[in-house]
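[1] Here's a sequence, model it:
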Amino acid sequence: MYRALLLAVAVGLPGQALAVGPDDSPPTPTETTMTCDEGFIWDGVIGRCVVIRESRLGDEALYEAARELAYAARYGDAIAALNQMSNQGDSHVLTMLGFTHRQAGRGALGLAYYDRALDVDPDNFLARSYLGQAHVLAGRYNLARQELDQIRNRNGAGTWAETTLAQAIATGQTTDY
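    This is a model prediction of the structure:
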């Protein structure tokens, strides 16, 4: 599966940012979800599962693991990995915290994280798509359409984020991953 997830992370530098590419489709399962038990993530350098809270993985690996865990419905593990990241104010970290909390049934907290992500980066298409999908689930189609318009107006037409939100609005069905 083509993944255009570009993670521009300079480990240990303050103010580092994660830049998500135009096609932020769901992650491909790796050893993190196929091999590691709850509370663990895969460390490719040492070739085994490690305790999330004790891992020495860099932000890029932690973010990728967190996305994979969130999409695999291992929400507690995803949040633990995200909490290990050095820049808690990064727009994409906030977006994934929003997605994870919303999927775990903490909708209001998820929405608050999306709002924070968009305050940091109004061009975060993924945050807008997830926020729009939350609006679809709540029957607030006018707000979902506003997010879709924002994605399109910010040059996000044709992205995975735009396509999935447009489909959700058209069908009333959101993506659960």
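
[2] Next up, the contacts around the most centrally placed residue in the chain.
    Most central in the chain under CA atoms, centre = their mean is residue 96, positioned 3.2 Å from the mean C-alpha point. If a contact means CB atoms under 8 Å, 6 or more residues apart in numbering, then residue 96 has 63, 66, 67, 70, 78, 82 as its contacts. In short, each C-beta sits where N, CA and C put it, glycine included.

[3] Scan the residues you listed and report the most crowded one.
    residue 66 (30 neighbours; other CB atoms under 10 Å).

[4] so where does the residue nearest to the centre of the chain fall, helix or strand?
    Using DSSP states H and E, residue 96 sits in helix 91-103.

[5] after that helix, next one along is what?
    helix 107-120.

[6] Please save the CA atoms from that next one in CSV.
    Extracted in CSV, the C-alpha atoms of helix 107-120 (Å, rounded to 0.1, in the frame of the first residue of the first chain):
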residue,chain,number,x,y,z
GLY,A,107,-15.6,12.1,21.9
ALA,A,108,-15.4,15.5,23.6
LEU,A,109,-11.8,15.0,24.4
GLY,A,110,-11.1,13.9,20.8
LEU,A,111,-12.8,17.1,19.5
ALA,A,112,-10.7,19.2,21.8
TYR,A,113,-7.5,17.7,20.5
TYR,A,114,-8.6,18.3,16.9
ASP,A,115,-9.3,21.9,17.7
ARG,A,116,-5.8,22.2,19.3
ALA,A,117,-4.3,20.6,16.2
LEU,A,118,-6.0,23.1,13.9
ASP,A,119,-4.9,26.0,16.1
VAL,A,120,-1.3,24.9,15.6
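
[7] hmm, back to that, give me the pLDDT value at the residue nearest to the centre of the chain.
    As predicted, residue 96 sits at a pLDDT of 95.

[8] Same question for residue 54.
    So, for residue 54, pLDDT stands at 88.

[9] so how many other residues sit close to it?
    When counting by other CB under 10 Å, one arrives at 9 neighbours for residue 54.

[10] Next one: it from residue 84, what distance?
    To residue 84, residue 54 is 9 Å away according to CB to CB, to the nearest Å.

[11] for residue 98, same thing?
    In terms of CB to CB, residue 98 sits 17 Å off from residue 84.

[12] the more surrounded of the two?
    Using other CB under 10 Å, the more surrounded residue of residue 98 and residue 84 is residue 98, with 27 against 22.

[13] Do I have it right that the more buried one meets residue 114?
    Yes - assessed by CB atoms under 8 Å, residue 98 is found in contact with residue 114 at 4.3 Å.
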